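Make a model of this:
(2 chains)
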Number of protein chains: 2
Amino acid sequence: MSNQKKVTAGILLIGDELLSGRTQDTNLAEIAKFLGPLGVQVGEGRILPDNADVIRDAVRSFSARFDYVFTTGGIGPTHDDITADCIAAAFGLGISEREDALDELRKRYSESDLNAARRRMARIPDGASLIDNPVSQAPGFQTRNVFTLAGVPQIMRGMLPDITHRIEGGSKVYQISVEASGIGEGDAAEGLAEIEARYDGVSIGSYPWFNDDLRGVNFVARGTDKAVLDDIRCDIESLVVNLQS
Amino acid sequence: MSNQKKVTAGILLIGDELLSGRTQDTNLAEIAKFLGPLGVQVGEGRILPDNADVIRDAVRSFSARFDYVFTTGGIGPTHDDITADCIAAAFGLGISEREDALDELRKRYSESDLNAARRRMARIPDGASLIDNPVSQAPGFQTRNVFTLAGVPQIMRGMLPDITHRIEGGSKVYQISVEASGIGEGDAAEGLAEIEARYDGVSIGSYPWFNDDLRGVNFVARGTDKAVLDDIRCDIESLVVNLQS
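Below you'll find the model as predicted:
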C-alpha cells in the first residue's frame, strides 16, 4: 500500500564494566525506544571491551551496514576513555582539542578545574559536530552517520533530544501485544504460525513467562500498518480463548 | 610470577525483542558473573536479530575468536526459534530430532501434549551433547565450543550448573572497588593514571555516578594477583583522601 522504507541503526556499547557483569547495560533499550517512534529499527547491538582495534573495526563495519550508528561509553576524562580516538581512526580523520567543545566544558568548570584530564573531553574528530550535553556539559559528537554518546545513562539520555532533528526515519513500526496466562508456548505455536502466514511483512513473537505456579505467554506483533495489527490482535485473542477453554 | 592463562568467552544474545527495547537483557551479566570465578573473561557480546544469516555468521566468527561461546534465545517451539538450525549451518552439520532430547521432553509432556511444535525443541545439531534443563526440560546443547542456552532468564540460569564441568578456565580475575563521594572523575584521572602505571597487567576503571546533589566515582581494579590488588586499593584510597581534603 504505502511506500515502505526501512531505516536501521546499530548500537555499540563500550566498556569492560559491561562485559564483567559489574554494570548492567540499559542504554540499548533506551536508544531503541527513542528510535522506534522516529521510524528507525535497531538491527544489531554489540558490547565491546576497552580495546582500540575492536572498537575501530566495529565502528567502520556498523557505519557501512546501518543508516545510523550509536556508541555509548568511553568519552570521559580518564586514560581508558578511547572512543573519540577510535572514531577518528575508523574514518582516517585527525583529532584535536576543539575550542567549541572547550567552551561547553567552561560552562561547568573554572579554568583551574579544567585540568589536562578534563580537556581530553574536548578532543573531537575533525569535522564532527557537537551533540549537546545539558547534564554534565562534556559534549557528544556526530561523525558522519555515527553518534557518540556518554555511557552514564542519565547523561546519555540527556543527549538524545539534540539527535532527533538529525534523524531521517523510515516507516514507523507499531506493536501490539496480547498476554495470555495458563497456556504454554508450544500449545499456541501451530495456530500462531497460521496467523502469521495470513499477513505479509508482520513478525509475531511469543515470549513465555513463569512465576511461581502460573505460566503464560506474551504475544507481540510488529508491523507498519496499524489496521493490520488490529486484525492480528483479534486473531491472537481468538486463538488464546480457544486454547484456554 | 605465576603462569597467566587468559581464557575468553563471547556471548550472543538472540532475539528481536531485545533490539526493539521491549525486553531488557540480563543474561549477559548473569553469564559473565558465572564465568568470572571459573577463570573465563567475556571478550565481546552481541545482540542479534532473529535473522538466520546474521546468527550463523556470528556463531562461526565467535567460535574461532573465543575459547567458549554462549548463545541465549531462540530454542523454543515456535517458527521464529531458529538458533539450533543456525548453529548446525555455522558448522556444516546436519540437524535432526533426537531421541535423547525427546526423552527429556517426555519428563514434562504427555504424548498428546508433545505436539509438532514442541518436538521442534528436540531438534539438535549432529554430534552435540545435551545440556540439562531442570526448569522446563527442553534441553540446551553444546556444539564444539558453543553452548546454546534458553533465553528466558530463569531457564538459562538453570542450565549453567551442567556447563561448569565442561569449562577449562584460566587465571582467575579478581576485582576490588573503592567508592568515593564528593569528587569528580576528572579530578582523579591524573593520580589514577600514575597508580595504573606502577602496576603491570592491571586495569583500573573509574565510573562516575550522580544522584540528586551528590556525585562521586567508583574505582574498580581487576587483575589476577590478590596481593597486588590490595596494594592498589590502598593507593586509590590515599588518592581519594587527598582529593576530598
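
Show me the residue at the heart of chain A, geometrically.
Using Cα atoms, centre = their mean, the residue of chain A that lies closest to the mean C-alpha position is residue A:31, 3.6 Å off.

any idea of the pLDDT on that one?
Residue A:31 carries a pLDDT value of 98.

Specify the local secondary structure of it.
Secondary structure assignment for residue A:31 (DSSP: H, G, I helix; E, B strand; the rest coil): helix.

What are the contacting residues of the helix or strand hosting residue A:61?
Following DSSP states H and E, one finds residue A:61 within helix A:52-65. Outside of helix A:52-65, the residues within contact range by Cβ atoms under 8 Å, 6 or more residues apart in numbering or on different chains are A:10, A:12, A:14, A:43-44, A:46, A:48, A:69, A:71, A:74, A:82-83, A:85-87, A:89-91, A:144-146, B:44. (Glycine included, C-beta is placed from N, CA and C.)

Could you give the average pLDDT over that helix?
Rounded mean pLDDT across helix A:52-65 is 98.

repeat for stretch A:123-143
97.

What of stretch A:73-81?
For stretch A:73-81, mean pLDDT is 92.

touching chain B at all, the lengthiest helix in chain A?
Longest helix of chain A, by residue count under DSSP state H: helix A:226-244. No. Applying Cβ under 8 Å from any Cβ of the partner chain, one finds helix A:226-244 separated from chain B by no less than 11.9 Å.

packing partners for that helix?
Secondary-structure packing of helix A:226-244 (3 or more Cβ pairs under 8 Å, 6 or more residues apart in numbering or on different chains; DSSP states H and E): strand A:174-181, helix A:185-198, strand A:214-223.

What angle do helix A:226-244 and the first one make with each other?
When you say that, I think you mean strand A:174-181. Between strand A:174-181 and helix A:226-244, the angle comes out at 10 degrees (axes from the mean of the first three to the mean of the last three Cα atoms, to 10 degrees).

Go through strand A:174-181 and flag the buried ones.
Across strand A:174-181, burial judged by 16 or more other Cβ atoms under 10 Å in any protein chain shown covers A:174, A:176, A:178, A:180.

Next, work out how far apart the closest residue to the last one other than its chain neighbours and residue A:224 are.
Going back to what we said before, that points to residue A:180. Leaving out its chain neighbours, the residue that sits closest to residue A:180 by Cβ to Cβ, 6 or more residues apart in numbering or on different chains is residue A:240, at 4.3 Å. Plainly put, residue A:240 is 24 Å away from residue A:224 if you go by Cβ to Cβ, to the nearest Å.

Quick check on the two: which one has the bigger neighbour count.
residue A:240 (22 against 19; other Cβ atoms under 10 Å in any protein chain shown).

Sheet-wise, list the partners of the helix or strand bottoming out on mean pLDDT in chain A with their directions.
Least confident helix or strand, chain A: strand A:203-211 with a mean of 87, by mean pLDDT, DSSP states H and E. Paired with strand A:203-211 in the same sheet, following DSSP bridges, are strand A:214-223 (antiparallel).

Any idea how far the strand it pairs with is from the middle of the chain?
On the basis of Cα atoms, centre = their mean, to the nearest Å, strand A:214-223 sits 22 Å off its chain's mean C-alpha point.

What of stretch A:222-237?
Centre-to-centre, stretch A:222-237 and its host chain are 25 Å apart (Cα atoms, centre = their mean).

Not counting that stretch itself, show me its contacts.
Contacts for stretch A:222-237 (Cβ under 8 Å, 6+ apart): A:1-2, A:4, A:171-176, A:178, A:192, A:195, A:198-199, A:201-205, A:219, A:221, B:16, B:20.

Does the helix or strand containing residue A:44 reach chain B?
Assessed by DSSP H and E, residue A:44 sits inside strand A:41-48. Yes. For strand A:41-48, a contact with chain B is found by Cβ under 8 Å from any Cβ, at A:41-48.

Any regions of chain A where pLDDT drops low?
Across chain A, the ranges flagged by pLDDT under 70 are A:1-3.

Outline the domain layout of it.
When chain A is parsed with automatic domain parsing, its domains come out as A:8-164, A:174-244.

how far out from the middle of the chain is the first one?
Centroid displacement of domain A:8-164 relative to its chain, using Cα atoms, centre = their mean, is 12 Å.

Tell me how far the residue nearest to residue A:180 lies from chain B.
Going from residue A:240 to chain B by Cβ to the nearest Cβ, to the nearest Å gives 15 Å.

and if you look at residue A:116?
Distance from residue A:116 to chain B, by Cβ to the nearest Cβ: 7 Å.

so what's that residue closest to, chain neighbours aside?
Nearest non-adjacent residue to residue A:116 (Cβ to Cβ, 6+ apart): residue B:190, at 6.8 Å.

Now for that neighbour: which residues touch it?
So residue B:190 contacts A:115-117 (Cβ under 8 Å, 6+ apart).

about what we covered before: now which of the contacts of helix A:52-65 would you call buried?
A:10, A:12, A:14, A:43-44, A:46, A:48, A:69, A:71, A:74, A:82-83, A:85-87, A:89-91, A:144, A:146, B:44.

What residues are bridge-paired with residue A:206?
Residue A:206 forms beta bridges with residue A:219, as assigned by DSSP bridges.

neighbours around it, how many?
23.

ok, now which ones touch it?
A:185, A:188-189, A:192, A:217-220, B:76, B:78, B:80 are the contacts of residue A:206 under Cβ under 8 Å, 6+ apart.

quick check, residue A:100 in a helix?
Yes. Residue A:100 forms part of a helix when assessed by three-state DSSP.

How about it, nearest residue that isn't a chain neighbour?
residue A:130 (6.0 Å).

Where does the one you found sit: helix, strand or coil?
Residue A:130 ends up strand, using three-state DSSP.

Check the one 3 residues further on too.
Using three-state DSSP, the structure places residue A:133 in coil.

Roughly how far does it sit from residue A:182?
Distance from residue A:133 to residue A:182, by Cβ to Cβ: 48 Å.

okay, these two: which has more neighbours?
residue A:133 (23 against 12).

wait, isn't that one in contact with residue A:139?
Yes. Using Cβ atoms under 8 Å, residue A:133 is in contact with residue A:139, at 5.3 Å.

Which neighbours do those two have in common?
The contact lists of residue A:133 and residue A:139 share residue A:104, where a contact means Cβ under 8 Å, 6+ apart.

tilt between the longest helix of chain A and helix A:185-198?
With the same axes, to 10 degrees applied, the angle from helix A:226-244 to helix A:185-198 works out at 150 degrees.

list the buried ones in the helix holding residue A:61?
Quick answer for helix A:52-65 (16+ other Cβ under 10 Å): A:54-56, A:58-63.

Name the next helix or strand following it along the chain.
Counting by DSSP H and E, the next helix or strand C-terminal to helix A:52-65 is strand A:68-72.

contacts for stretch A:238-245?
With Cβ under 8 Å, 6+ apart, stretch A:238-245 has contacts from A:178, A:180, A:182-183, A:187-188, A:191-192, A:195, A:219.

May I have that stretch as PDB, with CA atoms only?
Taking C-alpha atoms only, stretch A:238-245 is exported to PDB below (Å, rounded to 0.1, in the frame of the first residue of the first chain):
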ATOM      1  CA  SER A 238      -9.500 -15.900  19.500                       C
ATOM      2  CA  LEU A 239      -6.600 -18.400  19.400                       C
ATOM      3  CA  VAL A 240      -6.000 -17.800  23.100                       C
ATOM      4  CA  VAL A 241      -9.600 -18.200  24.100                       C
ATOM      5  CA  ASN A 242      -9.700 -21.500  22.200                       C
ATOM      6  CA  LEU A 243      -6.600 -22.700  24.000                       C
ATOM      7  CA  GLN A 244      -7.700 -21.700  27.400                       C
ATOM      8  CA  SER A 245     -11.100 -23.400  27.100                       C
END
